[in-house]
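> take a look and give me a structure for this.
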Amino acid sequence: MKLLGLCFVSVLLLAGSAPPKVGDEGKRAEELKWARGIAMDFFAVAGRSRAEAEGLLSPEFFKAVSEQRDWTFFGELDKHDWNDPKITTEEMAPNGNEVILKGTLKRTEYVIERNEDNTERSRREKTLEADFTVRIVRESPDGVWRIRYVRIREREEEK
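Reported below is the predicted structural model:
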C-alpha cells in the first residue's frame, strides 16, 4: 500500500512539473555560445586594442573603469598580457538576460637570477595563472549583449 502511495505521489509530482521546452533549451544554448564568444573576443583584444575592447563593455562598466585615476583597467590587462582564456563554468540567469562565465587565464613571466655583481646568471620562464569572472548582460529583450563586470585575480604561487 505504501508503495502504491509513493507511486501516486511521484506521478503527481512529475505531472505537475513541466518539462523544459526543446526550443527554449536550444535558444539558451545559442545565447550561452554567444556570451562565450563575447568574453573570448574581449580577452583577445583587451590588452592590445582598447577601442575594440571598449565596444564590448556596457556603458556603465566602461564609465566605471574609465574614471579611475591611479589605475587603469586596460593598462593592467596590457601590462600583464593575460592570454589563453579557458571557460570552466557558465551560468545563465533564469530570465536568460544575464550570463556569468568563470575560468582561467595564463601569462608567461621571465625570471632572471643575478650574480652578486648584477650580471645575469640564468633566465627561466614561469607560467602564472589567474581566475576570471565575467558577467555579460543583455541590455534589452532583443538587445545586444555587453560585458558589465570583469574580475581577474592572480593565483597565489605555491611554495
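> return the helix or strand in this protein with minimum mean pLDDT.
When the helices and strands of the chain are scored by mean pLDDT, DSSP states H and E, helix 2-16 comes last with a mean of 37.
> what's the spacing between the helix or strand hosting residue 89 and its chain's center?
Assigned by DSSP states H and E, residue 89 belongs to strand 83-92. The chain centre lies 5 Å from the centre of strand 83-92; the measure is Cα atoms, centre = their mean, to the nearest Å.
> which neighbouring elements make contact with that strand?
helix 22-45, strand 98-114 (3 or more Cβ pairs under 8 Å, 6 or more residues apart in numbering; DSSP states H and E). All C-beta atoms are positioned from the backbone trio N, CA, C, and that covers glycine.
> quick one: strands adjacent to the shortest one?
When pairs are called by DSSP bridges, strand 98-114 turns out to pair with strand 83-92 (antiparallel), strand 120-138 (antiparallel).
> how about the helices and strands packed on strand 83-92 in CSV, adding distance to residue 136 and mean pLDDT?
Below are those laid out as CSV (distance: least, Cβ to Cβ, whole Å; pLDDT from 0 to 100):
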stretch, distance to residue 136, mean pLDDT
helix 22-45, 5, 87
strand 98-114, 5, 90
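> indicate which one of the ones you listed is closest to residue 84.
strand 98-114 (4.4 Å; Cβ to Cβ).
> using PDB, write out every CA atom in the closest one.
Only the C-alpha atoms of strand 98-114 are listed here, as PDB (Å, rounded to 0.1, in the frame of the first residue of the first chain):
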ATOM      1  CA  GLU A  98      22.500  37.500 -17.900                       C
ATOM      2  CA  VAL A  99      25.400  35.100 -18.100                       C
ATOM      3  CA  ILE A 100      28.200  34.500 -15.700                       C
ATOM      4  CA  LEU A 101      31.400  32.900 -17.100                       C
ATOM      5  CA  LYS A 102      34.300  31.800 -14.900                       C
ATOM      6  CA  GLY A 103      37.600  30.400 -16.000                       C
ATOM      7  CA  THR A 104      41.300  30.700 -16.100                       C
ATOM      8  CA  LEU A 105      43.900  32.900 -17.800                       C
ATOM      9  CA  LYS A 106      47.700  32.400 -18.200                       C
ATOM     10  CA  ARG A 107      50.700  34.600 -18.800                       C
ATOM     11  CA  THR A 108      54.400  33.900 -19.000                       C
ATOM     12  CA  GLU A 109      56.900  35.800 -16.900                       C
ATOM     13  CA  TYR A 110      60.700  35.600 -17.200                       C
ATOM     14  CA  VAL A 111      62.600  35.300 -14.000                       C
ATOM     15  CA  ILE A 112      66.200  36.500 -14.200                       C
ATOM     16  CA  GLU A 113      68.600  35.300 -11.500                       C
ATOM     17  CA  ARG A 114      71.600  37.600 -11.000                       C
END
